[in-house]
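>>> Give the three-dimensional model of this entry:
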Amino acid sequence: MIDIFNSELLKLLIHPVNKLSKNFVIGLSGGVDSMVLLYLIKRFLDQNKFMKINIFPIIIDHNLRVESSTEAENVKSISEGIGFRTIIKKIEKQKPSGNIQSWARENRRDLLFESCSDLSANLLLAHHLNDQAETLYMRFNKNSGLDGLLGMKTITFWNGIFILRPLLTFSKEEIVRYAQKNNIKFFEDPSNSFLKYERVRVRQKLIQIKRNKWENVSTDLNKFSIICNKLVTKTNLLFENWLEQNVLLDKCGVARVNYKSALTLFKQSDLYCIKFFSKIIQTVGGKKYSPKRKQVYELTRALLKNDFKKRTLGNVCVLYNKDHIFFIREKRHLNYNLDIKVNKKYIFDGRFILISNVPGKLICSEKINYNNIPPNSPFYEFKNLINKTIPCLQTLEGKLVKPHLNIINQKNNSNESIKSNSFGLYLINRVLI
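Numbers count the residues shown, from 1 in each chain. The predicted structure follows:
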């Protein structure tokens, strides 16, 4: 396992996505997966002194169990005992009455991403082959399309952070055997056996399937995910030219689609038309996930009727005007309450990566009559609506700074175009990923 892991980790660390950062945060839960990852990385660094990287284990105390704080301190002691400066972050938000696992996952992710931003780091997670199989099985049961069956990738770009998963090809059994063989101490979260949680039920179901019917179910599901990735990559290449010719995505966070071409595509392949509209709405609306397929299908059918005027979905106002369909962010649900620190990455409205080399606070462009739309733009007639959704920066001295706008393509896994301008907003393009 060690040699294979070292080879996988080395490939990830020297990948071009890590060219700009040598800092890595490890999400350290204290469970067997993350503790084995920690020890494997320690062994790798001891054997590869030429790798000049910095590792920062971050422990998230979910504050859901009485013993969680003590457990977090014990994990921290182990991590620091093998040479890593380790930080505990506690979720202070009040827990909801239901859907605890989803709440914990989202808050854990937010705190890990906050740490990555503070440290200018990428993120190492301990997801493994069995996690992948569980995810795919759940998505099968929910009738996910091809995009939903892609599963997790070894490298993912998410809101300005690269997530690396060096254990994704290893099974849970291999990880547990390594922990036992090397006397690695870890802590079991009792909630991992609570059948009220969907993932726990799926885990037990897959164990039964493996015992009784399908010995290689997890491996085969992972192979299926790889095939889906290849298929989606190839089909996306076929549609890239169509997107370039018929979709205009503007750095202000708005989009325009040629109506006649969309109508033709819908008749030829409503699935891909719906997919593109979903991703456009996610990009313009800034939500974590695309809207439900049924909602987009109903919107698309309405869009392609002659009497269509205006609709909203996923924080996006959808308009028909002059043979084009326009997608513009609604004014509501915008939060300008951000105090900006120097050279720290922020996510504004789920749409833009924000970075500035001057500190200050955000204010709405509309309030100071800043116009971000030039007169020759095809979006100029919507400038008043668009300017209401774009922030300016007010420095600590009271100076107003207009944003430098640009687009970053999430599918390209590239972070190089994000630079510390005076005040930069980088629209995250999710249209073809």
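>>> Spell out, range by range, the helices that occur in the stretch 51-200 of the chain.
Taking DSSP state H, counting those that start in this stretch as the test, the helices found in the stretch 51-200 of the chain are 68-81, 100-119, 129-141, 172-181, 198-212.
>>> right, so these: which one is the most enclosed?
Mean neighbour count (mean count of other Cβ atoms under 10 Å) peaks for helix 129-141 among the helices of the stretch 51-200 of the chain, with a mean of 19. C-beta: built from backbone N, CA, C; applies to glycine.
>>> In terms of secondary structure, what does that one contact?
helix 198-212, helix 217-246 (3 or more Cβ pairs under 8 Å, 6 or more residues apart in numbering; DSSP states H and E).
>>> How about Leu263: what's its closest non-neighbour residue?
For Leu263, ignoring the flanking residues on the chain, the nearest one in space by Cβ to Cβ, 6 or more residues apart in numbering is Leu304 at 5.1 Å.
>>> what about that neighbour, neighbour count?
For Leu304, the count of nearby residues is 20 (other Cβ atoms under 10 Å).
>>> Glu381 too?
12.
>>> Name the nearest residue to Asn18, ignoring sequence neighbours.
Closest to Asn18 by Cβ to Cβ, 6+ apart is Asn122, at 6.3 Å.
>>> What helix or strand is Leu425 located in?
Assigned by DSSP states H and E, Leu425 falls within strand 423-429.
>>> on that earlier part again, could you dump the helices of the stretch 51-200 of the chain into a markdown table with mean pLDDT added?
Output for the helices of the stretch 51-200 of the chain, formatted as a markdown table (pLDDT from 0 to 100):
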| stretch | mean pLDDT |
| --- | --- |
| helix 68-81 | 96 |
| helix 100-119 | 90 |
| helix 129-141 | 93 |
| helix 172-181 | 96 |
| helix 198-212 | 92 |
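>>> Which one, of those helices, ends up nearest to Lys331?
Counting by Cβ to Cβ, Lys331 lies closest to helix 100-119 out of those; the figure is 24.7 Å.
>>> What's opposite Ile328 in the beta bridge?
Assessed by DSSP bridges, Ile328 has beta-bridge partners Cys317.
>>> which residues in the stretch 301-433 of the chain form strands?
Using DSSP state E, counting those that start in this stretch, the strands of the stretch 301-433 of the chain run over 310-313, 316-321, 324-329, 339-340, 346-348, 352-356, 360-364, 391-395, 400-401, 404-409, 423-429.
>>> Verify the contact between Lys310 and Val318 for me.
Yes - applying Cβ atoms under 8 Å as the test, Lys310 and Val318 come out as touching, 6.9 Å apart.
>>> Between those two, which has more neighbouring residues?
Regarding Lys310 and Val318, a neighbour count based on other Cβ under 10 Å identifies Val318 as having more, with 25 against 10.
>>> Show me the shaky parts of this structure.
Applying pLDDT under 70 to the chain flags residues 19-20, 306-307, 410-421, 432-433.
>>> Spatially central residue in it, please.
Closest residue to the average C-alpha location of the chain: Trp158 at 3.3 Å, with Cα atoms, centre = their mean.
>>> how does the protein divide up, domain by domain?
Using automatic domain parsing, the domain parsing of the chain gives 2-223, 238-329, 339-429.
>>> chain center to the longest one, what's the gap?
It stands for domain 2-223. Computed by Cα atoms, centre = their mean, to the nearest Å, the chain-centroid distance of domain 2-223 equals 15 Å.
>>> okay if I get the helices and strands packed on helix 129-141 as TSV plus distance to Leu396?
Converted to TSV, the helices and strands packed on helix 129-141 look like this (distance: least, Cβ to Cβ, whole Å):
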stretch	distance to Leu396
helix 198-212	46
helix 217-246	42
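>>> so which of these gets nearest Ser21?
Ranking the helices and strands packed on helix 129-141 by their distance to Ser21 (criterion: Cβ to Cβ) puts helix 217-246 first, at 25.0 Å.
>>> Name the residues of that closest one that are buried.
217-219, 221-222, 225, 228, 232, 236, 242-243, 246 (16 or more other Cβ atoms under 10 Å).
>>> Just list what it packs against, helices and strands only.
So helix 217-246, by 3+ Cβ pairs under 8 Å, 6+ apart, packs with helix 129-141, helix 198-212, strand 254-258, helix 259-268, helix 270-285.
>>> contacts for the shortest one?
If you take Cβ atoms under 8 Å, 6 or more residues apart in numbering as the criterion, strand 254-258 is touched by 245-250, 277, 280, 283-284, 323-329, 378-379, 382, 386, 431.
>>> Now a PyMOL select for only the buried ones of those.
Only the buried members of the contacts of strand 254-258 enter the following PyMOL selection, criterion being 16+ other Cβ under 10 Å:
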select buried, resi 246+247+248+249+250+277+280+283+284+324+325+326+327+328+329+379+382+386+431
